[in-house]
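Trainee: Quick one: sequence and predicted model below, then my questions.
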Protein chains: 2
Amino acid sequence: MIIFTAKFILPLEMLKEERQRTILNEVELHNRVLLTDIAEKLDVSIDTVRRDVKELDTENRLRKVHGGAVSLGFSNYSPARNNVYALDEKIAIAEKALSLLKPESVILIDGGTTCLELARLLPPHIKLTCFTLSLPVAMELLTKPNIDTIFIGGQLSKDAQITMGANTIHNLSEIKVDYSFIGTGYVDAAFGLTEFDWDIVQTKKAVIKASKKTILLCISEKLNSQHRFKTCDLNAIDTLITELEANHTLLANFKSQEIQLL
Amino acid sequence: MIIFTAKFILPLEMLKEERQRTILNEVELHNRVLLTDIAEKLDVSIDTVRRDVKELDTENRLRKVHGGAVSLGFSNYSPARNNVYALDEKIAIAEKALSLLKPESVILIDGGTTCLELARLLPPHIKLTCFTLSLPVAMELLTKPNIDTIFIGGQLSKDAQITMGANTIHNLSEIKVDYSFIGTGYVDAAFGLTEFDWDIVQTKKAVIKASKKTILLCISEKLNSQHRFKTCDLNAIDTLITELEANHTLLANFKSQEIQLL
DNA sequence: CTACATTTTGCTGTTTTTTGCTTTTTTATG
DNA sequence: CATAAAAAAGCAAAAAACAGCAAAATGTAG
């Protein structure tokens, strides 16, 4: 494609102010800009744009990066803070899950941040017998006075901080819980639950087998994604809890199945 | 003046920041990613992804592993040990215990603050297979790259933060380790090791039975004290480690026995 | 209106960063 | 120990940033 640019046809001389305003707008709209794009769009040299962006950077109105600029909120993170990804969504899911809990029942809580959130939010008065294979979940459950915690032994995975492997699977084969709350790496209406890791899949299979009912906790962002190893089909799951309303568009694919949406 | 500008079909350029943000999202969403997957998804070379992940790793925003990256997740657990009683003594004991460790051996580490200190001080390079029934010890062992950790399952005690009970004892009956490092509530040259709690005694008995050699870690303050339930006689112990010199007066009673003092 | 200082802008190298490629080394795994 | 995959190291091309300079625009004062 060839663009003909007649420079003198543009009589509107832009003030520096206006230019910078435009750049800021662009950044706030798209979270990022390329210097070259701006230069072309405003028909000024790349150097001018660079100088503008540099100024805006020193004024802390955006952050200049190699090749462009990004909005300040874009890369904001606090390393010290307890930064769980999508924490609000996970809390919403955990709260829905809580409504399923019947006192005196025997449940199993899987690893992962969503399940950990469920463990955190368990009310102190509720009486439960709770199995888990996640170290952080177990730590959390110890703080609940009325929960009897049983840890499923086995080889510990440094990444997932859960026990897995043959011994764990064998131990799981000897129990049967009323409900298990599990997470998954990926879920798809057609392909079911999948994982990145083969060992995790084996463990999750054993968990599902050890459960009368299985409840999947899953933020909507994971819906319609898949990976290498398959845990189970979707119909092995009894209830799917996301942070969305049950009739949300994104859940349409999952609605037809014999699965309870929450 | 007329300017002819030949505009190329840009392959939608991505800023480095955007790429890294995408990688972080993926990691936080699924807990782990493959470098190759990311490279394909973002349509950049594997080297670029590797460099990005390396940067993010040094910034402590994820952990780089062979072939991919994993989320830091909840691994930033550091149980405060500000208020550990007699910490210096316990560190001294743990350091002596370290000298007993042979690479590639299979050991068991009990619960209690002294044993936890031993776990903390394990050097990162040493290769060990390590059993434990203590939640805090297990958490600590997860941070050691070359230690294979196996958690002995069972019912969790809220006080001691270890598994115990029939299931734990049964699980212990099926293993045999080279060394076990145990603590005790009370120890006396004549009465042996005793505890306040009956269940703990049963568990410790099972631990000793599962060990070729048993090493008792014990601060001198506990010497010559006793309580209600008996774990074992002193001669069931192979090595006694205190913070004292082996020829200290307080250890006189223990010297006569067929027990190694350290 | 002119003379002159100041700011802005675009242009010219030069330097730095980024990125993909190749080769070598290391690591994982059977 | 052999094989394959991944990481590391080094290199070169391309893009971007930078520094300096000069033309143009703007402002100011006489």
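Mentor: Everything's here; your move. Numbers count the residues shown, from 1 in each chain, chains lettered A, B, ... in the order given.
Trainee: The helix or strand encompassing A:Thr129 near chain B anywhere?
Mentor: In this assignment (DSSP states H and E), A:Thr129 forms part of strand A:128-132. No - judged by CB under 8 Å from any CB of the partner chain, strand A:128-132 stays clear of chain B, getting no closer than 9.1 Å. Every C-beta, even on glycine, is put in place using the N, C-alpha and C of the backbone.
Trainee: name the helices or strands packed onto that strand?
Mentor: With contacts taken as 3 or more CB pairs under 8 Å, 6 or more residues apart in numbering or on different chains; DSSP states H and E, strand A:128-132 sits against strand A:106-109, helix A:135-141, strand A:147-151.
Trainee: between those, which one is nearest to B:Arg32?
Mentor: Between B:Arg32 and these, the shortest gap by CB to CB is with helix A:135-141, which sits at 16.4 Å.
Trainee: Flag every buried residue along the closest one.
Mentor: If you call a residue buried by 16 or more other CB atoms under 10 Å in any protein chain shown, then helix A:135-141 has these buried ones: A:Leu135, A:Pro136, A:Val137, A:Ala138, A:Met139, A:Glu140, A:Leu141.
Trainee: Make TSV out of these and add distance to chain B.
Mentor: As requested, the buried residues of helix A:135-141 are arranged in TSV below (distance: CB to the nearest CB, whole Å):
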residue	distance to chain B
A:Leu135	6
A:Pro136	5
A:Val137	10
A:Ala138	6
A:Met139	6
A:Glu140	10
A:Leu141	7
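Trainee: Convert the C-alpha atoms of stretch A:102-119 to CSV, please.
Mentor: Output in CSV follows, covering the C-alpha atoms of stretch A:102-119 (Å, rounded to 0.1, in the frame of the first residue of the first chain):
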residue,chain,number,x,y,z
LYS,A,102,-23.8,-28.9,54.7
PRO,A,103,-22.6,-29.2,58.3
GLU,A,104,-21.1,-32.5,59.4
SER,A,105,-20.3,-33.5,55.9
VAL,A,106,-17.0,-34.9,54.6
ILE,A,107,-15.4,-32.9,51.9
LEU,A,108,-12.1,-32.7,50.0
ILE,A,109,-10.4,-29.5,49.0
ASP,A,110,-8.0,-29.5,46.2
GLY,A,111,-5.0,-27.1,45.8
GLY,A,112,-4.8,-23.9,43.8
THR,A,113,-5.5,-20.4,44.8
THR,A,114,-9.3,-20.6,44.2
CYS,A,115,-9.6,-23.6,46.5
LEU,A,116,-7.3,-21.9,49.0
GLU,A,117,-9.7,-19.0,49.0
LEU,A,118,-12.5,-21.4,49.8
ALA,A,119,-10.5,-22.8,52.7
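Trainee: In that stretch, which residues are buried?
Mentor: So, applying 16+ other CB under 10 Å, buried residues of stretch A:102-119: A:105-119.
Trainee: what does stretch A:20-32 give?
Mentor: A:Gln20, A:Thr22, A:Ile23, A:Leu24, A:Glu26, A:Val27, A:Asn31, A:Arg32.
Trainee: and the gap between the third one and chain B?
Mentor: Spelled out, that is A:Ile23. 15 Å (CB to the nearest CB, to the nearest Å).
Trainee: Remind me which helix or strand that residue belongs to.
Mentor: Here A:Ile23 is assigned to helix A:16-30, by DSSP H and E.
Trainee: Whether stretch A:107-115 contacts chain B - can you check?
Mentor: Yes - counting by CB under 8 Å from any CB, chain B is contacted by stretch A:107-115 at A:Gly112, A:Thr113.
Trainee: Centre of the chain to that stretch, how far?
Mentor: 14 Å (CA atoms, centre = their mean, to the nearest Å).
Trainee: Give me the residues contacting it.
Mentor: With CB atoms under 8 Å, 6 or more residues apart in numbering or on different chains as the test, stretch A:107-115 has contacts from A:84-85, A:90, A:93-94, A:101, A:118-119, A:128-134, A:136-137, A:141, A:160-162, A:175, A:177-183, A:204, A:207, A:210-211, A:217-219, B:31, B:73-74.
Trainee: Out of the residues you listed, list just those in strands.
Mentor: Members of these lying in strands (criterion: DSSP state E): A:128-132, A:177-182, A:211, A:217.
Trainee: Farthest pair within those residues?
Mentor: Across these (CB to CB), the longest gap, 19.6 Å, separates A:Thr129 and A:Leu217.
Trainee: neighbour count winner among those two?
Mentor: The neighbour comparison of A:Thr129 against A:Leu217 (other CB atoms under 10 Å in any protein chain shown) goes to A:Leu217, with 27 against 16.
Trainee: was I right about the more buried one contacting A:Ala97?
Mentor: Yes - counting by CB atoms under 8 Å, A:Leu217 touches A:Ala97, with 6.0 Å between them.
Trainee: shared neighbours of the two, anything?
Mentor: Joint contacts of A:Leu217 and A:Ala97 (CB under 8 Å, 6+ apart) are A:Leu118, A:Phe181, A:Ile241.
Trainee: still on that earlier bit, include distance to DNA strand C when you put the ones in strands among the contacts of stretch A:107-115 into CSV, please.
Mentor: Shown next, in CSV, are these (distance: CB to the nearest atom of the strand, whole Å):
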residue, distance to DNA strand C
A:Leu128, 37
A:Thr129, 36
A:Cys130, 32
A:Phe131, 28
A:Thr132, 26
A:Val177, 31
A:Asp178, 36
A:Tyr179, 34
A:Ser180, 28
A:Phe181, 29
A:Ile182, 24
A:Ser211, 29
A:Leu217, 29
